[in-house]
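Novice: Predicted model follows, preceded by the sequence.
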Amino acid sequence: EAAVTQSPRNKVAVTGGKVTLSCNQTNNHNNMYWYRQDTGHGLRLIHYSYGAGSTEKGDIPDGYKASRPSQENFSLILELATPSQTSVYFCASGDGGGSNERLFFGHGTKLSVL
Amino acid sequence: GQGVEQPDNLMSVEGTFARVNCTYSTSGFNGLSWYQQREGHAPVFLSYVVLDGLKDSGHFSTFLSRSNGYSYLLLTELQIKDSASYLCAVRVITGNTRKLIFGLGTTLQVQP
């Protein structure tokens, strides 16, 4: 069974609209991450969290907010969506805080902002 | 700046081997991971190395040379299902911040 699940799988939004991407993990991992993947850029870190109540900015946080209300759930919020945020978004949980941390990814959310 | 480079594409033949190269230029190196990503799917962790040398994990082996900023993932006895993108990710530590820098990935095509 999938340990990191994302919803929705696909989303079409209008420019200026609010979008919330949800992620749930059953791994009981403290660390969770939001990445976006675009052709020519690879995976880029948007926000991450070390545990419930914590959120940290990643490498490209502008235009995004994050929320970690519980160990299991980590959301990515686009308050005012723009076409440049059209991308595939991956949530991941990490199994440790050390350098050998393994990331377990969800299946991804394909977001199109028109 | 911090960079992780991989060739875009690689082609090989079923039953043989493929070597996926990764070069990096980073400060604060603290380990390197490899992930497999099939088309339309999520990345899946394969291997982690932090010490120089070859780490043999059966179907996948990983080599690291920290002095040269170089790693490779070696796939042996290739199967068609090994066709996928292989992502190299370097972990760096800067002050109190740990981050993972991903390469763009190498798309491996295994032909019959």
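Specialist: That came in fine, so what should we check first?

Novice: So which bits of chain B are right by chain A?
Specialist: Taking Cβ under 8 Å from any Cβ of the partner chain, the part of chain B that reaches chain A is made up of B:30-31, B:33, B:35, B:41-45, B:48, B:50, B:87, B:89, B:91, B:93, B:98-100, B:102-105. Quick note: C-beta positions are derived from backbone N, CA and C, even for glycine.

Novice: what do you get if the cut-off is 6 Å, keeping everything else the same?
Specialist: With the criterion set to Cβ under 6 Å from any Cβ of the partner chain, chain B comes near chain A through B:30-31, B:42-43, B:45, B:48, B:91, B:102, B:104.

Novice: so where's chain B shaky on pLDDT?
Specialist: Low-confidence segments of chain B (pLDDT under 70): B:1.

Novice: name the helices or strands packed onto the longest strand that chain B contains?
Specialist: Across chain B, the longest stretch assigned as strand under DSSP state E is strand B:84-94. In terms of contacts (3 or more Cβ pairs under 6 Å, 6 or more residues apart in numbering or on different chains; DSSP states H and E), strand B:84-94 is packed against strand B:18-25, strand B:29-37, strand B:97-102.

Novice: if we can go back for a sec, kindly reformat the residues of chain B next to chain A as JSON lines containing neighbour count and distance to A:G108.
Specialist: Shown next, in JSON lines, are these (neighbours: other Cβ atoms under 10 Å in any protein chain shown; distance: Cβ to Cβ, whole Å):
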{"residue": "B:N30", "neighbour count": "17", "distance to A:G108": "27"}
{"residue": "B:G31", "neighbour count": "20", "distance to A:G108": "25"}
{"residue": "B:A42", "neighbour count": "22", "distance to A:G108": "6"}
{"residue": "B:P43", "neighbour count": "27", "distance to A:G108": "9"}
{"residue": "B:F45", "neighbour count": "18", "distance to A:G108": "16"}
{"residue": "B:Y48", "neighbour count": "18", "distance to A:G108": "22"}
{"residue": "B:R91", "neighbour count": "21", "distance to A:G108": "22"}
{"residue": "B:F102", "neighbour count": "21", "distance to A:G108": "15"}
{"residue": "B:L104", "neighbour count": "20", "distance to A:G108": "17"}
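
Novice: Show me the two of those residues that sit farthest apart.
Specialist: Taking Cβ to Cβ as the measure, the residues of chain B next to chain A span a maximum distance of 23.8 Å, between B:N30 and B:A42.

Novice: Just name the most buried of the helices and strands packed on strand B:84-94.
Specialist: strand B:29-37 (a mean of 22; mean count of other Cβ atoms under 10 Å in any protein chain shown).

Novice: List the contacts of it.
Specialist: A:99, B:43-50, B:71, B:73, B:84-87, B:89-91, B:93 (Cβ atoms under 6 Å, 6 or more residues apart in numbering or on different chains).

Novice: Helices of chain A, start to end?
Specialist: In chain A, no helices are defined using DSSP state H.

Novice: need the residues of chain B next to chain A in JSON lines with distance to B:L10, can you?
Specialist: Output for these, formatted as JSON lines (distance: Cβ to Cβ, whole Å):
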{"residue": "B:N30", "distance to B:L10": "27"}
{"residue": "B:G31", "distance to B:L10": "23"}
{"residue": "B:A42", "distance to B:L10": "21"}
{"residue": "B:P43", "distance to B:L10": "17"}
{"residue": "B:F45", "distance to B:L10": "20"}
{"residue": "B:Y48", "distance to B:L10": "21"}
{"residue": "B:R91", "distance to B:L10": "24"}
{"residue": "B:F102", "distance to B:L10": "17"}
{"residue": "B:L104", "distance to B:L10": "13"}
